[in-house]
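In: what's the 3D shape of this:
(one chain, ligands or ions: 1)
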Amino acid sequence: MVKIVLILFFIDADKENYMKYYEISLKLTRPNGLIVIDNTLWCGRIFNPNDNEEGTKVVRQINEHIKNDQSIDVSFLRLGDGITFCRKK
Ligand SMILES: C[S@@+](CC[C@H](N)C(=O)[O-])C[C@H]1O[C@@H](n2cnc3c(N)ncnc32)[C@H](O)[C@@H]1O
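Out: As a prediction, the model looks like this:
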């Protein structure tokens, strides 16, 4: 049986599927591998309580999820539109 383990994922496609991409990446990443998520500031829209567009809600949701995920260490770069680095423990 071939077991696939990867060391780096870069998530940057459709926001609606970000949670799905994150869960799949976490399963396939080996310990110490990185999951890099782009657009985690969403142009600052996540901080606007009046912005409840689907993409905004999803980015808020994944940020919250990552904050509470004990299986990773997290680092955030306020570069561009915000980049979050998740290292699988
Ligand atoms: C913001 S661009 C990022 C491109 C890439 N990260 C790069 O730097 O070249 C988002 C890309 O995700 C692709 N995309 C959007 N929804 C997708 C989906 N459901 N499945 C696969 N790719 C998708 C788009 O076609 C687009 O090329």
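
In: Quick check: next helix or strand after the longest helix along the chain?
Out: Secondary structure of the chain per DSSP state H: the longest helix is helix 54-68. As assigned by DSSP states H and E, the chain's next helix or strand after helix 54-68 is strand 72-77.

In: Quick one: residues in contact with the very next helix or strand once past that following strand.
Out: The first helix or strand that comes after strand 72-77 along the chain, using DSSP H and E, is strand 83-88. Contacts with strand 83-88, where a contact means CB atoms under 8 Å, 6 or more residues apart in numbering, come from 26, 29-38, 40, 63, 66, 69, 71-77. The way it works is simple: take the backbone N, C-alpha and C, and place the C-beta from them, glycine included.

In: so where is the protein shaky, pLDDT-wise?
Out: 3-5 (pLDDT under 70).

In: Can you name the residues of the protein sitting close to the ligand?
Out: Asp12, Ala13, Asp14, Asn17 (CB under 6 Å from any ligand atom).

In: Quick check on the nearest residue to the second one once chain neighbours are set aside: phi, psi?
Out: Here the nearest residue to Ala13 in space, its sequence neighbours aside, is Tyr21; by CB to CB, 6 or more residues apart in numbering that works out to 7.0 Å. Torsion angles at Tyr21 (phi, psi; degrees, to the nearest 10) stand at phi -60, psi -40.

In: So what's the residue count around Tyr21?
Out: 19 (other CB atoms under 10 Å).

In: List the contacts of it.
Out: Phe9, Ile11, Ala13.

In: Narrow those residues to just the buried residues.
Out: Phe9, Ile11 (16 or more other CB atoms under 10 Å).

In: ok, now how distant is the residue nearest to Gly55 when sequence neighbours are not counted from Pro31?
Out: Of all residues beyond its chain neighbours, the one nearest Gly55 is Lys15 (4.1 Å), with distances taken as CB to CB, 6+ apart. With distances taken as CB to CB, to the nearest Å, Lys15 is found 27 Å from Pro31.
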